[in-house]
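Participant: Quick one, structure for this:
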Amino acid sequence: FPHLTALPPPAVMIIAMTGIVHPIFSILFHWYCMRLEPSKRIPHWSRRLDHAFIHFASACASYGTTGRIDYFLLNVAFNLDSA
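Facilitator: From the prediction side, this is the model:
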């Protein structure tokens, strides 16, 4: 990126980060699902990690789409309670 003189706005960076980070855990979970028997899929650690990052990505998307810290913090509180 030799001609990149400035970083994008923080909201854009947050959306890009969640688009890169969450699929890693989702792919990991679904890869383990191929190998696990159905009764062991729900309590497996990879499912919980995937769901935790769904909540993380949702909270970050609330900031990325609005750009408001107060809405982001409200969404973080909601996601912490829901997870």
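Participant: The spatially most central residue of the chain and Pro10, how far apart?
Facilitator: Taking CA atoms, centre = their mean as the criterion, Ala57 is the residue nearest the geometric centre of the chain, at 2.7 Å. Per CB to CB, to the nearest Å, Ala57 is found 16 Å from Pro10. The way it works is simple: take the backbone N, C-alpha and C, and place the C-beta from them, glycine included.
Participant: Next: Pro38.
Facilitator: For Pro38 relative to Pro10 (CB to CB), the value is 42 Å.
Participant: So for the two, which sits in the more crowded spot?
Facilitator: Pro10 (11 against 7; other CB atoms under 10 Å).
Participant: wait, what's in contact with that one?
Facilitator: By CB atoms under 8 Å, 6 or more residues apart in numbering, the residues touching Pro10 are Gly67.
Participant: Now do the buried residues in stretch 71-83.
Facilitator: Buried residues in stretch 71-83, counted by 16 or more other CB atoms under 10 Å: Phe72, Asn75, Val76, Asn79.
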